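In: pasting the structure only:
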């Protein structure tokens, strides 16, 4: 199988994590290639819990529901790509990246460098009401209603414009409805990526 490169977009609560896992499980049944998975939310939470000074500061940003300064996700995503793209035929599945202009440019430039001309974007769209309902039910300690609304606000102002930048750079953007059940969404994603 040719390696696939997919960047997931969608506000918190849109079900990106579930769909990323389902896509990776599907790929494991179809190919023996390794998967480089960049989950920026998890990378930042790991950093927060590391005991480093950078981790303390990262925790403050997360708890306030603010967006991380671009340099940190750029550093974390670059480090992961450099160390885990060993042979060059790995699948790359990324979630929670391209949250600001500099991050987006850095990720897209990395894709060019790593010869990933086939980068595709899956944007899972969900209403604000559904997002708040889902996140409050999830019960994570950073999921206060104020924190959620802060993240939704910067998602609209900072993140959504990145889809336009990626389109302008010739990347394929597939919009997926995030309201149906997880299996329906999964099948829609597989179709859009021409995996079925």
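Out: Cool, got the structure. The structure presented is a predicted model; accordingly, all values stated were derived computationally and were not measured. Residues are numbered from 1 along each chain as shown.
In: Going by C-alpha atoms from here, please, whenever you check contacts or count neighbours.
Out: Noted.
In: And the strands in the protein?
Out: 5-9, 35-39, 91-95, 120-125, 172-177 (DSSP state E).
In: Tell me which of those lies nearest to residue 80.
Out: Closest to residue 80 of those, according to Cα to Cα: strand 35-39, at 7.2 Å.
In: Output the contacting helices and strands for the closest one.
Out: helix 71-84, strand 91-95 (3 or more Cα pairs under 8 Å, 6 or more residues apart in numbering; DSSP states H and E).
In: Could you dump these into JSON lines with distance to residue 14 added?
Out: Below are the helices and strands packed on strand 35-39 laid out as JSON lines (distance: least, Cα to Cα, whole Å):
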{"stretch": "helix 71-84", "distance to residue 14": "20"}
{"stretch": "strand 91-95", "distance to residue 14": "12"}
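In: among the ones you listed, which is nearest residue 20?
Out: Closest to residue 20 of the helices and strands packed on strand 35-39, according to Cα to Cα: strand 91-95, at 7.3 Å.
In: Partner strands of that closest one, with direction?
Out: strand 5-9 (parallel), strand 35-39 (parallel) (DSSP bridges).
In: Just name the most buried of those.
Out: strand 5-9 (a mean of 23; mean count of other Cα atoms under 10 Å).
In: Average pLDDT for that strand, rounded please.
Out: Average pLDDT, strand 5-9: 96.
In: Next, the angle from it to strand 120-125.
Out: 20 degrees (axes from the mean of the first three to the mean of the last three Cα atoms, to 10 degrees).
In: Residues contacting strand 5-9, please?
Out: Applying Cα atoms under 8 Å, 6 or more residues apart in numbering, the external contacts of strand 5-9 come out as 16, 20, 91-97, 116, 118-124.
In: which residues does residue 106 contact?
Out: So residue 106 contacts residue 74 (Cα under 8 Å, 6+ apart).
In: Could you measure from it over to residue 151?
Out: Counting by Cα to Cα, to the nearest Å, the gap from residue 106 to residue 151 is 22 Å.
In: Per-residue pLDDT of residue 42, please?
Out: For residue 42, the predicted pLDDT is 93.
In: roughly how far apart are it and residue 77?
Out: For residue 42 relative to residue 77 (Cα to Cα), the value is 12 Å.
In: which of these two has more neighbours?
Out: Ranked by neighbour count (other Cα atoms under 10 Å), residue 42 and residue 77 place residue 77 first, with 21 against 12.
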